[in-house]
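S.K.: Kindly return the folded structure for what I paste below:
(2 chains)
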Amino acid sequence: MGFLHLFIVNKSGGLILHRSLGPTAPKIGTNEWLRIGSTFHSLHAIAAEASPVKLPGNKNSGEWAHTNIARVTSTTFVRTCVLSFLSTILFLLPPWHFGFVSTIAGADDGIEQIEGGGVILRCLQTRTGIKFVLTAEPGTSGLDAVLREIYVLYSDCALKDPFYELEMPIRCELFTNAVDNLIDQAMSGGVMPR
Amino acid sequence: MASSKAQAGQTLWAKMPKANAELFALTYGSLVTELVRDYEDPIEVNAQLERIGHSIGVRCVDELLSKADSSNLGSAVTQCGNLRDTAEVVSKVGFRMFLGIQAEVGGYSQDQRSFSIYLQENPLSTFVELPTIGDEQSSSSPSGGLDDLRKLKYSNLYCGVIRGALEMVNLKVECTIVRDTLKGDELNEIRVELKEVLSDGAGDDYKEE
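M.R.: Numbers count the residues shown, from 1 in each chain, chains lettered A, B, ... in the order given. Sure thing, here's the model as predicted:
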C-alpha cells in the first residue's frame, strides 16, 4: 500500500504538476506525463458528456441550465476523438465506474475513480476546473482526504505566489514541500481534516 | 439555508490567519493614492482597481472552495443551484471569510439575474475621506489629480474580486458600486448583474446531430 503519483491538470487539459510520491512509483518521463494528463482530461470530459445521469452537483446542472442565455465552450475536442476514446474506454477499462454516489468534493461529473489490478486512480475536479489526480496501490485509504488537502495547499501556496501564473506549470517549492509533508503524514497516520 | 451559510462563513473566518486591519486599510490606501498619482483620471483609476481586484478574485475563489471542502462544509457552500445561492455564498461566506465583515444580500431583480450586496462597514475605507466639492473649488492643485475625485470609486477592488471569483466558476457578471459611504450614502451597495452562464464541456458543434 502506498501512494504512487500526483498530477494536476488545468482546465484546458495542460499538465501543471506531476510528482512521484513513493519509492514504488514507476518512473515516467515528462513527455509521457504530458500525454497522460491531456488524455485523462479528454476521458474525463467524455465521461461527463456520456453519462446519462445529470446530478445537481454536476457542473452544468441545476437552474443554471435554464437561465442560460448563451452557451460558451471552454473545452472543445474533435468528435472523432470522442468516438475512438469512447470505444477505448468501454473495451479496455471494464472495471471503472462513474461516481453516482459522490463522496468527493468539487464538481461530481466525469471520472472520479478508476480501479485496476495494480493501481487505483482518484480524481478531484474542482469547481474552477482544475483536476487533482492521485494514483495509489490498491488498498490505500484516505485518498479523498489527501486530495482535498492538496487542493487547500494549492490555494495557499501556489495561488498566493504572486509570480505564479494561473494555468501555468507549478514551480513552487513551498507547494511541493508541503505536498511531500502531507503524504508523509498520510502514510504515517492519516490526514485529519482541519 | 441562509443561516447555515452564515455559520459556514463564521467557521472559515475563524480558521483564517488574521492580519492587522489598520495595516490592511493603510496598504490599500497607499495603493489607491499611488494609482491616483499615476493615472490622474479617476475613471482610469477605477478601471485599474477593478483589474487588480479581478486578479485577486480568480485566485481567492479556490481558497474559499478548498477550505470549505476541507472543513466539511461541503455542498452548502460549493454547490449553488441558482444565483440566489451564489449571492448568499459571496456575501455570507466570501466577505466573512476574507474580510471578517457582515454583508447583507438583497434587492433581487424580478428575473433573478441581479442582486445587491450591502456592506455596513468597509474595512478598505476606515480612514478615508474623499476631498469634497468645496475643497475642490478652493484647491489650487495644479496637478489636477484631485479635482474630480468624486468620480473615484474607492472600493472598486470589490467589484473586480467578485467578477474574477465568479468568472472562475463560469458565471460572467458585472459589478458596480452604486452606493458608497464615502460619498455620503448610509451604506455601501455593490450591484452584481449576471450576464451569462458559461458552460463547460463539448460545444454544440461537437455534439451528435
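
S.K.: Low-confidence regions, chain B specifically.
M.R.: By pLDDT under 70, the weakly predicted segments of chain B are B:1-2, B:74, B:132-147, B:200-209.

S.K.: Strands of chain A, start to end?
M.R.: A:3-9, A:15-20, A:96-98, A:111-115, A:120-125, A:131-136 (DSSP state E).

S.K.: For the last one, the averaged confidence score.
M.R.: The average of the pLDDT scores along strand A:131-136 is 95.

S.K.: For that strand, which strands pair with it and how are they oriented?
M.R.: Sheet partners assigned to strand A:131-136 using DSSP bridges are listed as strand A:3-9 (antiparallel), strand A:120-125 (antiparallel).

S.K.: What of the fourth one?
M.R.: Partners of strand A:111-115 in the sheet, by DSSP bridges, are strand A:96-98 (antiparallel), strand A:120-125 (antiparallel).

S.K.: Comparing those strands by mean pLDDT, which bottoms out?
M.R.: Among the strands paired with strand A:111-115, strand A:96-98 scores lowest, at a mean of 39.

S.K.: Isn't residue A:110 up against residue A:50?
M.R.: No - contact between residue A:110 and residue A:50 fails when scored by C-beta atoms under 8 Å: they sit 9.7 Å apart. Bear in mind the C-beta positions are built from the backbone N, C-alpha and C, glycine included.

S.K.: The two: which is more packed in?
M.R.: Between residue A:110 and residue A:50, counted using other C-beta atoms under 10 Å in any protein chain shown, the more crowded position is residue A:110 (26 against 15).

S.K.: With residue A:20 as the reference, measure out to the more buried one.
M.R.: Distance of residue A:110 to residue A:20, computed by C-beta to C-beta, to the nearest Å: 24 Å.

S.K.: in which helix or strand would I find the residue nearest the centre of chain B?
M.R.: The residue lying closest to the centre of chain B (C-alpha atoms, centre = their mean) is residue B:158, at 2.4 Å. According to DSSP states H and E, residue B:158 maps onto helix B:156-168.

S.K.: can you pull the buried residues of that helix?
M.R.: B:156-168 (16 or more other C-beta atoms under 10 Å in any protein chain shown).

S.K.: Among these, which ones lie close to chain A?
M.R.: residue B:168 (C-beta under 8 Å from any C-beta of the partner chain).

S.K.: With distance to residue A:38 as new columns, can the buried residues of helix B:156-168 be given to me in a markdown table?
M.R.: Shown next, in a markdown table, are those (distance: C-beta to C-beta, whole Å):
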| residue | distance to residue A:38 |
| --- | --- |
| B:156 | 38 |
| B:157 | 36 |
| B:158 | 37 |
| B:159 | 35 |
| B:160 | 32 |
| B:161 | 31 |
| B:162 | 32 |
| B:163 | 29 |
| B:164 | 26 |
| B:165 | 27 |
| B:166 | 27 |
| B:167 | 24 |
| B:168 | 21 |
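
S.K.: any idea which of the buried residues of helix B:156-168 is closest to residue A:29?
M.R.: Relative to residue A:29, the closest of the buried residues of helix B:156-168 is residue B:168; by C-beta to C-beta it sits at 31.8 Å.

S.K.: Go ahead and confirm the closest one touches residue B:64.
M.R.: No - taking contacts as C-beta under 8 Å, residue B:168 lies outside contact range of residue B:64: 10.3 Å.

S.K.: That'll do, ta.
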